[in-house]
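1. Predicted model and sequence below, questions to follow.
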Amino acid sequence: MTIYKFAGFWRRFIAFSIDNTIIIIIFSVLSIIAATAYVLGAISSNSDAWIVDLTDPTSSLSIMFISCTLYFVTILFYFTYFHGTTGRTPGKMLLGLQVVSADATMITFGTAFLRTVGYFISFIYLLGFIWAAFDKRKQGWHDKIAGTVVIIREQQNNTAGISIPEHPN
């Protein structure tokens, strides 16, 4: 059996920052496409009403609400998909990290979804993320909610960590 160390706060923070940058780029591209489609559609109708609609505060609020909702859905899909398939987002892959269950098995899409919802709870209070810096298993609140840990996937010759049995493929 191989022993893997728990990933610390700063390494996880950098991986999360990389993932968040990717999400912002994806969301920005999607927003530009949606805004272009909206404006071109409005212009093609040969009506000046769309200019009035853009300056209407209630219209602006609904556009902001829809944008925020789509941003949260993008985050939810991104983390649930990557954690549910491999336990590794692109940021975690770059830093050699992986999310596994607390009993050292791969997580399911349900667990990945629960962990992502836990991100929102951890983010609201911020203490949920910082908690990982002081926890003995380096778990944030989102990890505790979903029953997961983040490991450094590189092999370690250290007994402090979690043991994952090797499975022949």
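-> Cool, the structure landed.
2. all contacts plus neighbour counts: C-alpha atoms, from now on.
-> Noted.
3. how close does the residue nearest the centre of the chain get to Phe120?
-> Residue closest to the average C-alpha location in the chain (Cα atoms, centre = their mean): Phe79, at 3.8 Å. Look at Phe79 and Phe120: by Cα to Cα, to the nearest Å, they are 12 Å apart.
4. where are the low-confidence patches of the chain?
-> 1, 42, 45-51, 53-55, 59-60, 154-169 (pLDDT under 70).
5. again, only this time at 80
-> Along the chain, segments meeting pLDDT under 80 span 1-2, 38-63, 154-169.
6. now the helices for it?
-> Using DSSP state H, the helices of the chain run over 9-44, 49-55, 57-85, 90-94, 109-125, 127-130, 141-146.
7. just so I know, which of those helices lies nearest Thr2?
-> Nearest to Thr2, of all those, is helix 90-94, at 18.9 Å by Cα to Cα.
8. export the closest one as CSV, just CAs?
-> Taking C-alpha atoms only, helix 90-94 is exported to CSV below (Å, rounded to 0.1, in the frame of the first residue of the first chain):
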residue,chain,number,x,y,z
PRO,A,90,-7.0,21.0,-14.1
GLY,A,91,-5.6,23.1,-11.2
LYS,A,92,-5.3,20.0,-9.0
MET,A,93,-3.6,18.1,-11.9
LEU,A,94,-1.0,20.8,-12.3
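9. who touches that helix?
-> Applying Cα atoms under 8 Å, 6 or more residues apart in numbering, the external contacts of helix 90-94 come out as Arg12, Ile14, Ala15, Phe16, Ser17, Ile18, Asp19, Gln98.
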